[in-house]
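**Student:** coords below, sequence missing:
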């Protein structure tokens, strides 16, 4: 007797407004249960102390996660001046202090040094691996953690407020691999003081907008409605939303059938591209495949059967 598959074939993106205190893996598990989906994952970890946008992929959307992870991210964060912590956020132990409190003019003066392509040393308490072990596991065990600096991109960084002498609020738009905790630490040092992140909220990831976020409470309320009214699919965003930055091509159903079998197809029409490093194709507004175009042929790399 065939083993029953757990969950349903549900495909799309849920843009969860993750609350403080909930881990990213826990959030994925909760959303997967609420949708009764057989497959789920996320596109970029948010620490438990952070809130905001956690894009959760269901079904075929899990195969487009790398496209979202590589996208730009926007954060709002608060720096607490005068205290450095072991984790560079409010969870860690205080390891250094300073009496210096920078003013707005001093802060604005150093911001250009932290935009563009800059070198950043990741925090010791990070998910990066050292000889196969997570850095945060080594740090928690009291072992010395030595990470190498790496280049990151910060497109925008602005001071949005100074609510009191101990705190300043910022917004930033940055690329993959940027640690906001390290950014806060380094800004504090550049100002001749110490600092750590006391609040962090992610507001945008890749093509997804702040207005598209939905809270866990709303999802739970929808799930517990009468089944006839609980239209969970209404809050899903299409799988191909993650592919906004690459060209889209339309094909016929007959051509889609060939792609579903892993075969390349010749693109027809006066405007058909000759070569593309990456593109995706649809038929009847349904995602068929992601691939490349060479010599006028679309060559599938990932095929999405029954993604609609």
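**Tutor:** Okay, I see it. Please read these numbers as outputs of a predicted model, since none were measured by experiment.
**Student:** How much space separates residue 277 from residue 299?
**Tutor:** Here the criterion is CB to CB, to the nearest Å. By it, residue 277 lies 11 Å from residue 299. In this view, the C-beta of every residue, glycine as well, is placed from N, C-alpha and C.
**Student:** Between the two, which has more neighbouring residues?
**Tutor:** Between residue 277 and residue 299, residue 299 has the larger neighbour count (other CB atoms under 10 Å), namely 16 against 9.
**Student:** From the contact counts, what lies against the helix or strand where residue 75 lies?
**Tutor:** Residue 75 belongs to strand 73-81 when elements are defined using DSSP states H and E. Secondary-structure packing of strand 73-81 (3 or more CB pairs under 8 Å, 6 or more residues apart in numbering; DSSP states H and E): strand 167-174, helix 180-190, strand 195-205.
**Student:** tell me which residues in the second one are buried?
**Tutor:** Across helix 180-190, burial judged by 16 or more other CB atoms under 10 Å covers 180, 181, 182, 183, 184, 185, 186, 187, 188, 190.
**Student:** who are the neighbours in contact with the fifth one?
**Tutor:** Meaning residue 184. By CB atoms under 8 Å, 6 or more residues apart in numbering, the contact set of residue 184 is 77, 79, 88, 195, 196, 197.
**Student:** ok, so of these, who is nearest residue 225?
**Tutor:** When the contacts of residue 184 are compared for distance to residue 225 (CB to CB), residue 77 wins out at 35.9 Å.
**Student:** hey, what's the closest one bridged with?
**Tutor:** Beta bridges link residue 77 to residue 170, residue 200 when assigned by DSSP bridges.
**Student:** Model confidence score at it, please.
**Tutor:** Listed pLDDT for residue 77 reads 98.
**Student:** quick one: pLDDT of the residue nearest to residue 190 when sequence neighbours are not counted?
**Tutor:** Setting aside the residues directly before and after it, residue 190 is nearest to residue 110 in space (CB to CB, 6 or more residues apart in numbering), at 4.8 Å. If you check residue 110, the pLDDT there is 98.
**Student:** next one: the one 10 residues further on
**Tutor:** Per-residue confidence (pLDDT) for residue 120: 94.
**Student:** show me the contacts for it.
**Tutor:** Residues near residue 120 by CB under 8 Å, 6+ apart: 149, 150, 151, 152, 178, 179, 182, 183, 186.
**Student:** ok, what's across the strand from it?
**Tutor:** Residues in beta-bridge contact with residue 120 (DSSP bridges): residue 150.
**Student:** now residue 237
**Tutor:** As for beta bridges, residue 237 partners with residue 13 under DSSP bridges.
**Student:** Just give me the neighbour total for it.
**Tutor:** Close neighbours of residue 237, defined as other CB under 10 Å, add up to 16.
**Student:** on that earlier part again, for the contacts of residue 120, which one is nearest residue 304?
**Tutor:** For the contacts of residue 120, the nearest to residue 304 is residue 178 (30.5 Å; CB to CB).
**Student:** Please give me every residue in contact with that closest one.
**Tutor:** Residues counted as contacts of residue 178 (CB under 8 Å, 6+ apart) are 73, 120, 152, 153, 154, 172.
**Student:** and it, which of the three is it?
**Tutor:** coil (DSSP: H, G, I helix; E, B strand; the rest coil).
**Student:** roughly how far apart are the closest residue to residue 207 other than its chain neighbours and residue 106?
**Tutor:** Nearest residue to residue 207 in three dimensions, chain neighbours excluded: residue 244, at 4.0 Å (CB to CB, 6+ apart). As judged by CB to CB, residue 244 and residue 106 stand 39 Å apart.
**Student:** Over to residue 278?
**Tutor:** On the measure of CB to CB, residue 278 and residue 106 end up 44 Å apart.
**Student:** how about low-confidence regions in this structure?
**Tutor:** Residues of the chain meeting the criterion pLDDT under 70: 1-5, 124-147, 226-230, 306-308.
**Student:** what's near enough to touch the spatially most central residue of it?
**Tutor:** Among the residues of the chain, the one closest to the centroid is residue 44, at 3.4 Å (CA atoms, centre = their mean). Residue 44 makes contacts with 54, 55, 68, 69, 73, 205, as judged by CB under 8 Å, 6+ apart.
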